[in-house]
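Novice: Below is the structure, and that's it, no one-letter string:
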């Protein structure tokens, strides 16, 4: 089975059980798999992912979007969110100064997932 087909169910189980460190580790594995097995990402996006996974307070990071200059999503310990923003902005500006001026880093809370409201 493709690697993502193995990792995704484990990620669902970790999320449902509140095992955030495990979920983050699986995000990292999925991100690495996207680069190696599927040749996803471009240099600036791969650099951003590497910065994210090395930043204290980040549990995991992976790509999101269609792959054409998409984005990275990261799971961050909420108490570290503001410092993660500063550290990532600073580190990314060193490796991609022009792109760092154009992009945004956003802090969001996770929702309860997709559901029927009516």
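Specialist: Sure thing, it's come through. Note that this is a predicted model, so its numbers are computed, not measured. Residues are numbered from 1 along each chain as shown.
Novice: give me the number of residues near residue 23?
Specialist: Applying other C-beta atoms under 10 Å, we find 21 residues neighbouring residue 23. Any C-beta I mention is one placed from the backbone N, CA and C, and that applies to glycine too.
Novice: How about it: what's its closest non-neighbour residue?
Specialist: Of all residues not flanking residue 23 in the chain, residue 14 sits nearest, at 4.2 Å (C-beta to C-beta, 6 or more residues apart in numbering).
Novice: Correct me if wrong: that neighbour contacts residue 22.
Specialist: Yes - Residue 14 is within contact range of residue 22, at 4.2 Å (criterion: C-beta atoms under 8 Å).
Novice: what ranges do the helices span in the protein?
Specialist: For the chain, the helices defined by DSSP state H cover 3-17, 20-36, 43-54, 81-95, 97-102.
Novice: between those helices, which gets nearest to residue 110?
Specialist: Closest to residue 110 of these is helix 3-17 (C-beta to C-beta; 9.1 Å).
Novice: what sits against residue 64?
Specialist: Shown in contact with residue 64 (C-beta atoms under 8 Å, 6 or more residues apart in numbering): 70, 71, 72, 73.
Novice: one step back: let me see the contact set for the residue nearest to residue 23.
Specialist: Here residue 14 is in contact with 20, 22, 23, 26 (criterion: C-beta under 8 Å, 6+ apart).
Novice: For the closest residue to the last one other than its chain neighbours, give me the pLDDT.
Specialist: Distances taken as C-beta to C-beta, 6+ apart put residue 11 closest to residue 26, at 4.5 Å, once the chain neighbours are dropped. The pLDDT attached to residue 11 in the predicted structure is 92.
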